[in-house]
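> let me see the structure of the following:
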Amino acid sequence: IGENRDFHPLKGPMTTQSLRGLPGTGRLHWRADRENLAAFNPAFVDLMGRAAVLPDSEMTAFGDFVMALAYPPNPAQHLDRTLPDAPADQPSARRGQIFFQSRPVDNDHTCDFCHAPPTGTNRQIIHAAALLGTQDMKSPQLRNLYRKTGFSDRPGAVNKRGFGFTHDGSFSTVFDFLKQPNFEFDPGPQGDSDRRDVEAFVLAFDTGMAPAVGFQLTIDAASRTDGTLIARMDTLRARAQAGDCDLIAKGRIAGRPRGWWYQNDGTWRPDKQAEAAISSAALRGLAGPGAEITVTGVPLGSGGRMGVDRDQVVGDQANQAK
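Below is the predicted model of the structure:
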């Protein structure tokens with residue numbers, strides 16, 4: 001493991017890496033041959049045909065935009081951010097996580113030695129010999145693997161989605177990748193079972209955005225006392241209090257659009273400053289025919305703007321008069 005500055009120009013085909021979730025992942029490109037986004041400026045001339053590189057001010061603005069891009073929630077995770085489990089004869093992301101973090105598979109190294117949480121990379125460059133390849137490569141982050149599935153290079157395969165895994169997309173599945181001889185799994189069925197578990201885990205790898213973000217439930221006259229809905233709403237409230245998301249509610253009361261923002265004291269702040277905060281039970285009690293209320297998990301820090309104060313002028317007279 002180390003840093004290699006001797007990059008051969010014939011690097012071969014490589015899959016495009018995501019621009020999302022770059023903070024904290026180290027040098028860029030599969031070969032880590034770009035220190036930061038500013039180092040890509042010559043590409044606007046060399047690859048895009050521009051007459052000159054971008055001014056520093058534009059590269060700074062571009063970097064500010066890109067570095068703020070985030071992954072959406074991983075759909076394989078449960079709403080409470082736990083991982084799916086399964087019987088022993090089926091792949092289990094939860095068992096895979098335990099194996100990933102505790103079982104050495106590369107000499108004395110566990111999987112998370114190279115693919116460390118929270119991003120899935122230790123930001124180090126791995127020697128080509130350790131990769132059974134011809135080039136040194138950086139350990140990639142794992143937060144977008146679930147979006148690469150569906151590809152197959154088997155004879156006769158018809159592909160409508162997916163990219164394959166590793167830098168050149170040469171492995172159809174994570175399971176196939178884990179079959180490489182440099183990984184030390186148990187021989188026979190147990191080894192394949194462990195591979196399936198690890199595959200399930202990395203395909204459920206946390207993206208940094210909680211599954212509660214974007215989740216919605218709608219309360220109406222029939223469902224406001226429904227136990228399943230109340231339990232799910234309680235889960236959303238718990239995730240908000242855990243810092244996974246902000247929670248808002250929107251609906252129409254007496255024909256007028258209204259909004260609420262969930263507070264960590266367990267109450268819902270309304271979009272009128274003259275009104276007092278209400279409990280979750282009281283919020284559900286407002287729902288009725290033509291007055292349905294939809295509760296939504298939104299990105300952390302967005303609750304005030306999206307729930308009660310979209311112009312972000314807290315205390316403004318116009319806001320009080322809504």
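> now do the closest residue to Leu145 other than its chain neighbours, the pLDDT please.
Nearest non-adjacent residue to Leu145, counting by CB to CB, 6 or more residues apart in numbering: Val202, 5.3 Å away. Placement of C-beta: from N, CA and C, glycine included. Note for Val202: predicted pLDDT of 98.
> Val202 contacts Lys148, correct?
No: counting by CB atoms under 8 Å, Val202 does not reach Lys148; the two are 10.5 Å apart.
> for the two, indicate the residue with more neighbours.
When Val202 and Lys148 are compared on other CB atoms under 10 Å, the one with more neighbours turns out to be Val202, at 22 against 19.
> enumerate every residue touching the most centrally placed residue in the chain.
Nearest residue to the geometric centre of the chain (CA atoms, centre = their mean): Thr207, 2.2 Å. Thr207 makes contacts with Gly21, Ala70, Tyr71, Pro72, Pro73, Asn74, Arg143, Asn144, as judged by CB atoms under 8 Å, 6 or more residues apart in numbering.
> check Pro211 too.
Pro211 neighbours (CB under 8 Å, 6+ apart): Pro73, Asn74, Pro75, Gln77, His78, Leu79, Asp80, Arg81.
> can you rerun that using 7 Å?
Pro73, Asn74, Gln77, His78, Leu79, Arg81 (CB atoms under 7 Å, 6 or more residues apart in numbering).
> let me know the secondary structure of it.
Going by DSSP: H, G, I helix; E, B strand; the rest coil, the secondary structure assigned to Pro211 is coil.
> host element of Ala249?
strand 246-253 (DSSP states H and E).
> can you list the strands that that strand pairs with?
In the sheet, strand 246-253 lines up against strand 256-262 (antiparallel), strand 293-298 (antiparallel) (DSSP bridges).
> list the contacts of the residue lying closest to Tyr146 once chain neighbours are set aside.
Nearest residue to Tyr146, sequence neighbours excluded (CB to CB, 6+ apart): Leu203, at 4.7 Å. Counting by CB under 7 Å, 6+ apart, Leu203 makes contact with Ala76, Leu145, Tyr146, Thr149, Val174.
> residues touching the residue nearest to Leu145, list them.
Val202 neighbours (CB under 7 Å, 6+ apart): Leu142, Leu145, Val174.
> can you tell me which of those is nearest Ala86?
Nearest to Ala86, judged by CB to CB, of these is Val174 at 16.3 Å.
> so that closest one is in contact with Asp197, correct?
No: Val174 lies out of contact with Asp197 (CB atoms under 7 Å); the separation is 10.8 Å.
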